[in-house]
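Engineer: give me coordinates for this.
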Amino acid sequence: MSRPPESPGRPHLALVGLMGAGKSAVGRELADLRDVRHVDLDVAVTAGVGRSIGVLFAELGEEGFRDAEQSTL
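Structural biologist: Numbering: from 1, shown residues only. I've put the predicted structure just below:
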């Protein structure tokens, strides 16, 4: 079996799952183990717009919140 060529640097790792599943906790642990930076998308979105997720949902609805997520990525 052939292996793909090694990529320069370290590959990104994305955790996907339901709310409350532990993505942030696992992500922090993995980042510590790999000695890399951990980015929590919810934290990045709220920091970028200066409002909580609850407020964003109330003001923009889910579609608006998802747009904010996409812009942050």
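Engineer: show me what the longest helix seen in the chain is packed up against.
Structural biologist: Scanning the chain for the helix with the most residues, using DSSP state H, yields helix 53-72. If contacts are counted by 3 or more CB pairs under 8 Å, 6 or more residues apart in numbering; DSSP states H and E, helix 53-72 sits against helix 41-49. Bear in mind the C-beta positions are built from the backbone N, C-alpha and C, glycine included.
Engineer: can you check what angle separates the helix it packs on from helix 53-72?
Structural biologist: Counting by axes from the mean of the first three to the mean of the last three CA atoms, to 10 degrees, helix 41-49 lies at 90 degrees to helix 53-72.
Engineer: quick one: contacts of the helix or strand harbouring Gly27?
Structural biologist: Gly27 belongs to helix 23-34 when assigned by DSSP states H and E. The list of residues contacting helix 23-34 from outside it, by CB atoms under 8 Å, 6 or more residues apart in numbering, reads Arg10, Leu13, Leu15, Val16, Gly17, Arg37, His38, Asp40, Asp42.
Engineer: now Val16. Nearest residue, chain neighbours left out?
Structural biologist: Leaving aside its sequence neighbours, Val16 sits nearest to Lys23 (CB to CB, 6 or more residues apart in numbering; 7.4 Å).
Engineer: tell me, how many residues neighbour the one you found?
Structural biologist: Per other CB atoms under 10 Å, the neighbour tally for Lys23 reads 17.
Engineer: for it, give its distance to Asp40.
Structural biologist: Counting by CB to CB, to the nearest Å, the gap from Lys23 to Asp40 is 8 Å.
Engineer: likewise for Thr46?
Structural biologist: Using CB to CB, one gets 10 Å for the distance from Thr46 to Asp40.
Engineer: could you find the closest non-adjacent residue to Arg37?
Structural biologist: With CB to CB, 6+ apart as the measure, Ala31 is the residue that lies nearest to Arg37, at 6.4 Å, once sequence neighbours are left out.
Engineer: where does Ser52 fall, phi/psi-wise?
Structural biologist: Here the main-chain torsion angles of Ser52 (degrees, to the nearest 10) amount to phi -70, psi 160.
Engineer: give me the number of residues near it?
Structural biologist: Close neighbours of Ser52, defined as other CB under 10 Å, add up to 12.
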